[in-house]
Every structure is written in structure tokens, then in C-alpha cells.
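# Okay, predicted coordinates and the sequence, questions at the end:
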Amino acid sequence: MKKNIFLTAGLLFSMSAQAQILDIIKSAVKDKTGVDLNVPVKNNGTTTSSTTTTTVHSNNSSANLGNLTSTQISSGLKEALSMGVADGVKKLAVTDGFFKNEAVKILMPEKLRKIDTTLRSIGMGSLADEGVKLLNRAAEDAVTEAAPIFTNAITSMTITDAKNILLGSNNAATSYLQGKTQTQLFNAFQPKVKASLGKVGADTLWKNLISKYNTFTGQSVTTDLNEYVTTETINGVFKMVADKESGIRNTPAMRTTSILQKVFGAQDGK
């Protein structure tokens, strides 16, 4: 019985001590800041500081976008896309534009990678390397066909398209362009890529590679290099355009014209 009394007394003493400490802390806070922790905070619909910050940013962004005309938004997006296309095509349409750019380099077609392994195992690795290089040379030669097709798609962008793109993700403009041009690009590129494969000697070399592999292994491997290089060339262009778009959206220094600064500055909520 005595043990229980002592335990109860100890517990009450502990609670009393904690209450005293809490009162001391509250008093110190009131002296330093003027905030009375004993007064309950009314819930007036406010949110946490992080949520409030997000909301304010969103409101500022909307307000700033409201200061832009539809024409300005459209012009800014079109200029960003035009710069991305021009810059991307310019960088890709030179010797090693694809071949020495790891982000877009065209590799051995997956279907033919066993050829690469076999050729290297019999000391013909240099022939495989040359085959990959010529695929990239064909892409470098063909990529200039993209520019006029992109220009038409950019010109046809509507005001509604532009507003949705501006408030979209980092590659929203590139995705829009891809949706508008993918089929047209493929149809335009295929004959150009075919001609480029012949021009740089890739078609002849690959026929030789595949023939040697088939003879050595007794297999009958075939692939449509034209379709493969066409698709990879288009993917490379879109990768470059997306990188440029992301840069303009996120790096003020890349907004090199007044319209880009105005439109994407508003997007920042500044």
C-alpha cells in the first residue's frame, strides 16, 4: 500500500514539475516575442507556411501572366521553339554532331548487337565501329530536313496551345511539337536518310557486315537500317530541342531576347 502511495506521489510531483517548466517556457516566449502561448490560435482558414508560400507564388505567377497579352505569350513560345530547333539542328548537322554527342549518338541497332559481339570476337571490331560511325554520319547529313517541317508546326501554334504550353512541364513545347510533326518528319526523313546512307557508304558497309555475320554463324539476320536511322535521327532532334526549352524555362541567362525574358520571367512568378 505504501509503495502505491509513493508511486502516486512521485507521478503527481513529476506532472507538477513539468507544468512548472512549461509555464516558465511560455513566460520566456512572451517576454522575448510578445506571443502569449496560453491564447489559443483561431483557425481562420490559413494554411501552413509552406502551403501559403506555394499559393502566393501561384497567385503571383497568375497575376504576372495576366499582364501578358495572348500575342506575347504565343510569340515567346514560338521564339523559344524556333531557337531550340535552329540551335539543335545546327549542332547535329555537322561532322560528329551525332557521333560524338553521347546524348543522341546512334548505337548499333539492338537486333544487330549480336553481330557486333561476334565481329569483335573474330578481330573485326574496327569494322563494327565503322558501321556505327556511318549510321551517325547519315543522320548528320539528313537532319537538315527537319528545319522547314518544324517551322510550319511552330507557325501554326494557336493562342490556346501557347498558354497551355507556357504553364506546362519543362518540355511541354517540345511535346507539342512532337505531336504535331512526328509522322510528317518520319515520312520526310525516310527518303533523305536512305540517300544519306548511300552517300556516306553506310548501306554498302552494313550489307558487308551482315553478310559476314550470316556466313560465319549460318544465320540469316536482316534489319531495316533506313527505318532505324530515321527514327533515331528524329529522336535526336527532339532531345536537343527539349534541352534548349528546359534551359530557357529554368535559366534566365538563356533568355537572350526581350520577349523570352518577359514571357518566361512571368512564368517564374517574378
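Cool, got the structure. Residues are numbered from 1 along each chain as shown.

# Which positions in stretch 84-92 come out as buried?
For stretch 84-92, a neighbour-count test (16 or more other C-beta atoms under 10 Å) marks Gly84, Val85, Gly88, Val89, Lys91, Leu92 as buried. In this view, the C-beta of every residue, glycine as well, is placed from N, C-alpha and C.

# Show me the contact partners of that stretch.
97-98, 101, 104, 139-140, 143-144, 146-147, 150-151, 154, 173-174, 177, 236-237, 240-245, 248 (C-beta atoms under 8 Å, 6 or more residues apart in numbering).

# same thing but 6 Å
Contacts with stretch 84-92, where a contact means C-beta atoms under 6 Å, 6 or more residues apart in numbering, come from Gly97, Phe98, Val143, Ala146, Ala147, Phe150, Val237, Met240, Val241, Lys244, Glu245.

# can you tell me which of those are in helices?
Mapping the contacts of stretch 84-92 onto helices (DSSP state H) picks out Ala146, Ala147, Phe150, Val237, Met240, Val241, Lys244, Glu245.

# can you count the residues close to the fifth one?
By that I understand Met240. Residues near Met240, counting by other C-beta atoms under 10 Å, number 24.

# Mind telling me what element the residue lying closest to it once chain neighbours are set aside is part of?
Excluding the flanking residues, the one nearest Met240 by C-beta to C-beta, 6 or more residues apart in numbering is Gly88, at 3.0 Å. For Gly88, the host element (DSSP states H and E) is helix 70-92.

# for Leu185, phi and psi?
With angles defined as degrees, to the nearest 10, Leu185 sits at phi -60, psi -40.

# May I ask which helix or strand encompasses the residue lying closest to it once chain neighbours are set aside?
Nearest residue to Leu185 in three dimensions, chain neighbours excluded: Ile234, at 5.1 Å (C-beta to C-beta, 6+ apart). Taking DSSP H and E as the definition, one finds Ile234 inside helix 225-250.

# Going along the chain from that helix, find the next helix or strand for me.
The helix or strand immediately downstream of helix 225-250 is helix 258-268, counting by DSSP H and E.

# gap between that following helix and the chain center?
For helix 258-268, the separation from the chain centroid amounts to 19 Å (computed by C-alpha atoms, centre = their mean, to the nearest Å).

# and it, which residues are buried?
Here helix 258-268 shows Ile259, Leu260, Lys262, Val263, Phe264, Ala266, Gln267 as buried, counting by 16+ other C-beta under 10 Å.

# And that helix, what does it pack against?
Contact partners of helix 258-268 among helices and strands, from 3 or more C-beta pairs under 6 Å, 6 or more residues apart in numbering; DSSP states H and E: helix 70-92.

# quick one, the helix it packs on and helix 258-268 angle?
Between helix 70-92 and helix 258-268, the angle comes out at 110 degrees (axes from the mean of the first three to the mean of the last three C-alpha atoms, to 10 degrees).

# just checking, next helix/strand downstream of helix 70-92?
helix 113-121.

# May I have that following helix as CSV, with CA atoms only?
The C-alpha coordinates for helix 113-121 follow below in CSV (Å, rounded to 0.1, in the frame of the first residue of the first chain):
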residue,chain,number,x,y,z
ARG,A,113,24.2,-6.1,-81.5
LYS,A,114,25.0,-9.8,-81.6
ILE,A,115,26.8,-9.0,-84.9
ASP,A,116,28.9,-6.5,-83.0
THR,A,117,29.9,-9.1,-80.4
THR,A,118,30.7,-11.7,-83.0
LEU,A,119,32.7,-9.4,-85.2
ARG,A,120,34.8,-8.3,-82.2
SER,A,121,35.4,-11.9,-81.1
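
# Can you read off the pLDDT for the residue nearest to Leu185?
We have a pLDDT of 93 for Ile234.

# do the same with Thr144
87.

# Next, count neighbours for it.
13.

# ok, now Lys244?
Lys244, neighbours per other C-beta under 10 Å, totals 22.

# Excluding sequence neighbours, find me the nearest residue to it.
Nearest residue to Lys244 in three dimensions, chain neighbours excluded: Gly84, at 3.5 Å (C-beta to C-beta, 6+ apart).

# For the one you found, give its distance to Thr217.
Distance of Gly84 to Thr217, given as C-beta to C-beta, to the nearest Å: 44 Å.
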